[in-house]
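Enquirer: need the 3D shape of this:
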Amino acid sequence: MAIAADDILSQIKDLDLTSEEKDLISNAYVEIDTDHNGYIDEDEIGNLLASVNQITPAYKIRMLIEQADTDKDGKISPLEFVKMYQKLTADKLAKTFKKAVTAKAGIKGTGATSKASAEGTTHSYSEGEIGAFSNWIIKELKDDADCQHLIGGLKGEGLFQGMGDGIVLCKLINISVPDTIDERVINMGKNLSVFKVQENQNLALNSASSIGCNIVNIGAQDIVEGRQHLILGLLWQVIRIGLFAKISLERSPDLAALLDEDSDETLEDLMNLSPDELLLRWMNYHLSQSDKWKSLRGEGAVVKNFSGDIKDSIAYCCLLEQIQPVDEETEDYAIQPPINSSAATMNLSNEKRAAMMLDDAEKMNCREFVTPLDVAKGNQKLNLAFVANLFNTHPALKPRGEIEIIEETREVKTFRNWMNSLGVSPRVYKFSRDLQDGMVLFQLMKKLDENSVDQGKVNEPPYPKLSALMKKHENCSYCVDLAKDHFKFKLVGIGGADIYNGDEMATLALVWQLMRGYTLKVLSDLSDDGQVVKDAVILNWVNGKLAAAGKSTKISSFKDKSISTSHVVLDLIDSISQGVVNFDLVSAGETEEEKFANAKYALSVARKIGARIYAIPEDLVEVKQKMVLTVFACLMGTGLKNANNPTE
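Expert: As a prediction, this is how the structure comes out:
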């Protein structure tokens, strides 16, 4: 039985691999499995090596398989393939093997290195992604006056150089999450100085982090120097966040139409689905109403992934026919002649059928992210983006009536973004649900103290079916014990059962203290004596820095009402990096609108000078004590870093 890239990703999601490696391995595995039985055998490994002109003796291939074949069935499963990929690091055969795997995945190699690969590791990236992302960015920015001098150079490989001054990345972040960056703070124009470029890149990267992008091991210089694999990885994160923004019941209540009425599914169950899962549900909802799909695939047939199951484009052809726009006045199809799924029944190659399908998608203004080859090869990432764009443009769902949806709070959103920015795996989409097995919490605890978690006490996935609930419950209890005993967090009345049951208030209490602890650890690492930094130390540093710079502002605590105007924040920023604040843009802060504008400006300038801040303007305007503390702590960290590295 053929296996899809999505299925492989689900099997290897918890392994110690980068997202880049997971994509590469899953896509390559599908291509190497030429007989589509879900396993790789000796012949297929031999063919793989031969594809890069490496004729390997049969005994060496058998040795490779024997080393990786842990269950001794003579076949290589996805997990065993990962073992084979990781173990081969030294000899000539290993290099040939990895070269062949990369080629099968449709990946292009680059010798670029980064902070994460100072030893000279060769990285890789998909050529298909370059075209997809550059076309999307050009479309989104074509009418932006600030980007006209850059648009022409963003095509193809020019994308990497075009990201160099930070303007495009800042603009793209605001497209994905509007108002993240106050555009008055971006250094605009041609031929920016090295200093101005550095500021833009700081602003872009810290803002990307604030919306939940993982920028660990990505620095401003990596973007300036055009490191392809890092830039593509960051662009995908930003684009995905924008594409997924509306794929939730909070933003698109009509998704309630997808409730399975034949089961006991509740609205809460539906809300707990990830964007990927919701897109699959949406796609199958429309396919279930397609007579052509049912005649070709059978009653009840579903698409299970965005790779192998869509390679022949039959599902896409039927989907487009179902979701094509209808004129509200005439109740007839808006596109004439109407789109039909005739290509689904034609005797065509997968690539030719995909080309016909994309011609129909273009009529619906949805021909984005994929080429016919991307569809035919089952590129999971680009097909996911294609379907997300289809949903955002033509959801074609009928309102279900009044439904009660509990929206995500600002606090939850902030903490979720913070966790994702640290690179937790799997990514957190639903705050309480995705923390219910303790695995993400363990990762966060290791950020505070890498020796805090005893792995021998951790129940790691995949969990046995009969004891899964018990194993997750044990993890949560261990998390709470660590928080109380090792980290000395105050969690009065909170136990492991609260985390396991998804109690939002209890989970928030724990995550807040983890975030606070992480922020203070960063400060401690930067301080002269390395001692634990207390809230009072931050307060004294802030007032001392303001006084030394001759500023009249000061704060009595992190709930001082004067903070609502953001004047003290801007004065502190100016004290740390003189001249970066344009005080002509700062208002008196007498109205809520003025306070919001000041706060938005202050946070953007703070990120511009290097502060990795997760707060949002409302936190300053409303003087939310917890988040205000993190703002001043991050600014203190930036100030200490600048003092320790005056040339940066």
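
Enquirer: so where's the stretch 1-150 of the chain shaky on pLDDT?
Expert: 1-7, 14, 16-20, 51-55, 86-125 (pLDDT under 70).

Enquirer: which parts of it are strands?
Expert: For the stretch 1-150 of the chain, the strands defined by DSSP state E, counting those that start in this stretch cover 107-110, 123-126.

Enquirer: ok, M346 - contacts?
Expert: 353, 356 (CB atoms under 8 Å, 6 or more residues apart in numbering). All C-beta atoms are positioned from the backbone trio N, CA, C, and that covers glycine.

Enquirer: contacting residues around D327?
Expert: So D327 contacts 333-334 (CB under 8 Å, 6+ apart).

Enquirer: can you tell me how far it is from L48?
Expert: Computed as CB to CB, to the nearest Å, the D327 to L48 distance reads 52 Å.

Enquirer: now swap in I247 and tell me
Expert: 36 Å.

Enquirer: repeat that for L397.
Expert: L397 sits 44 Å away from L48, going by CB to CB.

Enquirer: next one: C170
Expert: In terms of CB to CB, C170 sits 42 Å off from L48.

Enquirer: of these two, who's got more company?
Expert: Counted by other CB atoms under 10 Å, C170 and L48 do not tie: C170 has more neighbours, with 26 against 23.

Enquirer: surely that one and A204 touch.
Expert: Yes. Using CB atoms under 8 Å, C170 is in contact with A204, at 4.9 Å.

Enquirer: give me the common contacts of these two.
Expert: What both C170 and A204 touch, as defined by CB under 8 Å, 6+ apart, is the set I181.

Enquirer: all helices of the stretch 351-500 of the chain, in order?
Expert: Per DSSP state H, counting those that start in this stretch, the stretch 351-500 of the chain carries helices over the ranges 372-377, 380-393, 410-421, 439-448, 468-481, 496-500.

Enquirer: to H229, which of those helices lies closest?
Expert: Comparison of these against H229 by CB to CB identifies helix 380-393 as nearest, at 13.6 Å.

Enquirer: what comes up buried for that closest one?
Expert: For helix 380-393, the buried set under the neighbour-count rule, 16 or more other CB atoms under 10 Å, comprises 380-392.

Enquirer: so which of those residues comes closest to Y39?
Expert: Comparing every one of the buried residues of helix 380-393 with Y39 (CB to CB), the shortest separation belongs to Q380, at 19.6 Å.

Enquirer: low pLDDT regions in the stretch 251-400 of the chain?
Expert: For the stretch 251-400 of the chain, no range has pLDDT under 70.

Enquirer: counting neighbours, what do you get for the closest residue to G438 other than its chain neighbours?
Expert: For G438, ignoring the flanking residues on the chain, the nearest one in space by CB to CB, 6 or more residues apart in numbering is N475 at 3.2 Å. Close neighbours of N475, defined as other CB under 10 Å, add up to 25.

Enquirer: now do A50
Expert: By the criterion of other CB under 10 Å, A50 has 12 neighbours.

Enquirer: mind listing what's buried along stretch 224-231?
Expert: Neighbour counts using 16+ other CB under 10 Å place 224, 226-231 of stretch 224-231 among the buried residues.

Enquirer: an error on my part: the question was meant for stretch 430-446.
Expert: 430-442, 444-445.

Enquirer: and stretch 265-284, how far from the chain's centre?
Expert: 19 Å (CA atoms, centre = their mean, to the nearest Å).

Enquirer: ignore the last one, stretch 361-370
Expert: 23 Å.

Enquirer: what's the answer for stretch 181-195, then?
Expert: 25 Å.

Enquirer: next, the buried residues of it.
Expert: Applying 16+ other CB under 10 Å to stretch 181-195 flags 181-182, 185-188, 192 as buried.

Enquirer: what's the answer for stretch 39-58, then?
Expert: In stretch 39-58, counting by 16+ other CB under 10 Å, buried: 39-41, 44-46, 48-49, 54, 56.

Enquirer: what would the residues you listed look like in CSV with distance to K196?
Expert: Converted to CSV, the buried residues of stretch 39-58 look like this (distance: CB to CB, whole Å):
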residue, distance to K196
Y39, 55
I40, 51
D41, 57
E44, 53
I45, 52
G46, 55
L48, 48
L49, 50
Q54, 49
T56, 53
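
Enquirer: follow-up on the earlier one: next, format the buried residues of helix 380-393 as CSV and append distance to W418.
Expert: Output for the buried residues of helix 380-393, formatted as CSV (distance: CB to CB, whole Å):
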residue, distance to W418
Q380, 27
K381, 24
L382, 29
N383, 30
L384, 25
A385, 25
F386, 30
V387, 28
A388, 24
N389, 28
L390, 31
F391, 27
N392, 26
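
Enquirer: for D264, state which of the residues you listed is nearest.
Expert: Checking the buried residues of helix 380-393 against D264 with CB to CB, the nearest one is F391 at 25.8 Å.

Enquirer: endpoints of stretch 569-585, how far apart?
Expert: 14 Å (CA to CA, to the nearest Å).

Enquirer: may I have the secondary structure class of the most centrally placed residue in the chain?
Expert: The chain has Q237 as the residue nearest its centroid, 4.1 Å off, counting by CA atoms, centre = their mean. Per DSSP: H, G, I helix; E, B strand; the rest coil, the local secondary structure of Q237 is helix.

Enquirer: check contacts around the closest residue in space to it that isn't next to it in sequence.
Expert: Nearest non-adjacent residue to Q237, counting by CB to CB, 6+ apart: C213, 4.3 Å away. Residues near C213 by CB under 8 Å, 6+ apart: 234, 237-238, 241, 420-421.

Enquirer: which secondary structure element contains C213?
Expert: Taking DSSP states H and E as the definition, C213 sits outside all helices and strands.

Enquirer: now do the one 4 residues further on
Expert: Using DSSP H and E, N217 sits within no helix or strand.

Enquirer: ok, it to G74 distance?
Expert: N217 is 39 Å from G74, by CB to CB.

Enquirer: excluding chain neighbours, what is closest to L172?
Expert: Once flanking residues are discounted, L172 sits nearest to V238: 5.5 Å by CB to CB, 6+ apart.

Enquirer: just checking, that neighbour touches N174?
Expert: No. V238 is beyond contact range of N174, at 10.0 Å (criterion: CB under 8 Å).

Enquirer: my read is that D23 contacts N379, right?
Expert: No. Look at D23 against N379 with CB under 8 Å: they stay out of range, at 9.2 Å.

Enquirer: looking at the two now, which is surrounded by more residues?
Expert: N379 (29 against 24).

Enquirer: could you pull up the residues touching F415?
Expert: 431, 508, 511-512, 515.

Enquirer: go again using 6 Å as the cut-off
Expert: V511 (CB atoms under 6 Å, 6 or more residues apart in numbering).

Enquirer: tell me the mean pLDDT for the helix or strand containing A633?
Expert: Per DSSP H and E: A633 is located in helix 625-644. The pLDDT scores in helix 625-644 average 92.

Enquirer: elements contacting it?
Expert: With contacts taken as 3 or more CB pairs under 6 Å, 6 or more residues apart in numbering; DSSP states H and E, helix 625-644 sits against helix 504-526, helix 535-548.

Enquirer: from the contact counts, what lies against the longest one?
Expert: Helix 504-526 is packed against helix 439-448, helix 625-644, with contacts defined by 3+ CB pairs under 6 Å, 6+ apart.
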